[in-house]
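**Student:** Below are the sequence and a predicted model; questions follow.
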Amino acid sequence: MTDFPKGLMISAPSSGTGKTTVMLGLLRALSEDGLTVQPFKSGPDYIDPAFHFAAAGRASFNLDTWAMDSLLLDAVTTQGAGADICIGEGSMGLFDGVATRGQSGFGSSAETALRMGWPVVLVIDVGGQAQSAAATALGFKSYLPDLPFAGVILNRVASPRHERLTRLGMERAGITVLGALPRRGDLALPERHLGLIQAVEHPDLEAAIAGYAAFLRAHVDLDAIRALAGGAAAPAPAALPKPPAQRIALARDAAFSFTYPHLLEGWRAAGAEILPFSPLNDEAPAGDADLVWLPGGYPELHGATLAAAANWRRGLQTHAQTKPVHGECGGYMALGEALIDKDGHRHQMAGLLGLVTSYEKRKFHLGYRRAHLQSAMPGFAAGAFLRGHEFHYCTILDEPDAPLARVMDADGNPVPETGSVKGHVTGTFFHLITGENA
């Protein structure tokens, strides 16, 4: 692995600056130029990687310095082998993380970039300022002196005069300007309550990404960006997480789509068979599956369809009589007794757990989770510690079953969403990233 590809980190001072559209345009433009591009996502976001795959034609993986130890980070990094260049997309602002150190760090995009040796390309929204934007860029460049800094892409530039003034400020501060993107209202990706809509739901994703690539090609120095790519030594050989069973029936449709890519890749690499099925199409899981796994997603948007899916429900119930079923976040909700949608309508779910959740009574739940299992779940024995991430708006109205785990946030504070266990059925509101020392 001596020829491991160099890379860059696309980041920003904050969320909402346009880094995702820049990322997608860059992935596609470099791919159009004949490069094999390996995308990565810094942090726990599980929506962006599907957009990366659509843009680059290569699966994207999360790199998470809070949740992942060095061995797992090395294992995920090796997914870049065979590419010509790696491009990582940051989360939130470049230096944003949590207060308490995790397995390898605090979870910031800067940590990921520093570990990988990737120079940072900072996307700055210069709306409402000109020369003053250089002070922001200079602060980010100097805040962590060891972090390689490639330069900036100016976004939402109002006019040629605005660009000229902003470039003057950057020149005075010694900041390289790699591109200037004119303000365009049609570049925003559609959003809903968890951020971006899913890639599979975009009305014309291919046309959108092609448009982003053309826009970047017209306004960004792609050759300069490629030349600035850097990288640390190739990662040490390491294995991705092992599968929790040999034959895994995995729910996969618009209601159930959020599983971290490194988990699925690890399961496949170890020889597990993944058997997709669609609850929204009233498909039952494979009868000879060893495990049924319901990922997170948006069941709250499909309550009536799931309630009418009698074949799916019977298949789950039959499987759960003798073999394990696990759900996380949206999958956990679907395993419960009922789900109440935003309009207050109650929909019958699988009934394998007594859980009742409501999207009508919304409450924001967001953050890293560390769980100490009180009972076993697929792939992990009682007593194991897990790392994951929780992101949803649903409220628990009733949770009569035994708690699956003691769950804490990144700082060790107790979290009331403990998950549930009943017979062969388990569920959590957090999305599993990894076990500790596993």
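**Tutor:** That came in fine, so what should we check first?

**Student:** Can you give me the first-to-last residue distance of stretch 236-245?
**Tutor:** The distance separating the two terminal residues of stretch 236-245, taken as CA to CA, to the nearest Å, comes to 27 Å.

**Student:** list the buried ones in it?
**Tutor:** Within stretch 236-245, the residues scored as buried using 16 or more other CB atoms under 10 Å are 240-241, 243-245. (Each C-beta comes from the backbone N, C-alpha and C, glycine too.)

**Student:** Stretch 414-431 now?
**Tutor:** 415, 417-422, 424-431.

**Student:** In strands, which of those residues fall?
**Tutor:** Assignment to strands by DSSP state E places the following of the buried residues of stretch 414-431 there: 415, 420-422, 425-428, 431.

**Student:** got the contact list for Gly88?
**Tutor:** Taking CB atoms under 8 Å, 6 or more residues apart in numbering, we find Gly88 in contact with 7-10, 39-42, 63, 109, 112-113, 116, 118.

**Student:** from the chain's centre, how far out does whichever strand or helix holds Arg156 sit?
**Tutor:** Using DSSP states H and E, the element containing Arg156 is strand 149-157. Taking the mean C-alpha point of strand 149-157 and that of its whole chain, the gap between them comes to 24 Å (CA atoms, centre = their mean, to the nearest Å).

**Student:** Same check on stretch 225-234?
**Tutor:** Taking CA atoms, centre = their mean, one finds stretch 225-234 lying 23 Å from the centre of the chain it belongs to.

**Student:** Give me the buried positions along it.
**Tutor:** Under 16+ other CB under 10 Å, the buried positions of stretch 225-234 are 225-226, 228-229, 231, 234.

**Student:** now do stretch 75-83
**Tutor:** Along stretch 75-83, these residues count as buried under the neighbour rule (16+ other CB under 10 Å): 75-80, 83.

**Student:** Now do the same for it: mean pLDDT, whole number.
**Tutor:** For stretch 75-83, the per-residue pLDDT values average out at 95.

**Student:** Look at it and report the distance between its end residues.
**Tutor:** 15 Å.

**Student:** and the residue lying closest to Gly7 once chain neighbours are set aside, how many residues sit next to it?
**Tutor:** If the residues on either side of it in the chain are set aside, Gly7 comes closest to Cys86, at 3.2 Å by CB to CB, 6 or more residues apart in numbering. Cys86: 22 surrounding residues under other CB atoms under 10 Å.

**Student:** before we move on, what about Lys19?
**Tutor:** Using other CB under 10 Å, the number of residues around Lys19 comes to 29.

**Student:** Please report how far it lies from Ala150.
**Tutor:** Using CB to CB, to the nearest Å, one gets 14 Å for the distance from Lys19 to Ala150.

**Student:** Likewise for Thr318?
**Tutor:** Applying CB to CB, one obtains 55 Å for the distance of Thr318 from Ala150.

**Student:** what do you get for Gly383?
**Tutor:** The span separating Gly383 from Ala150 equals 45 Å under the rule CB to CB.

**Student:** between these two, who's got more neighbours?
**Tutor:** Looking at Gly383 and Ala150 with other CB under 10 Å, you find the greater number of neighbours at Ala150, namely 22 against 10.

**Student:** mind listing the helices for the stretch 1-150 of the chain?
**Tutor:** Taking DSSP state H, counting those that start in this stretch as the test, the helices found in the stretch 1-150 of the chain are 19-32, 48-56, 70-77, 109-116, 133-143.

**Student:** Look at Ala307 and say how many residues are nearby.
**Tutor:** Applying other CB under 10 Å, we find 16 other residues in the vicinity of Ala307.

**Student:** residues in contact with it?
**Tutor:** Contacts for Ala307 (CB under 8 Å, 6+ apart) come out as 347-349.
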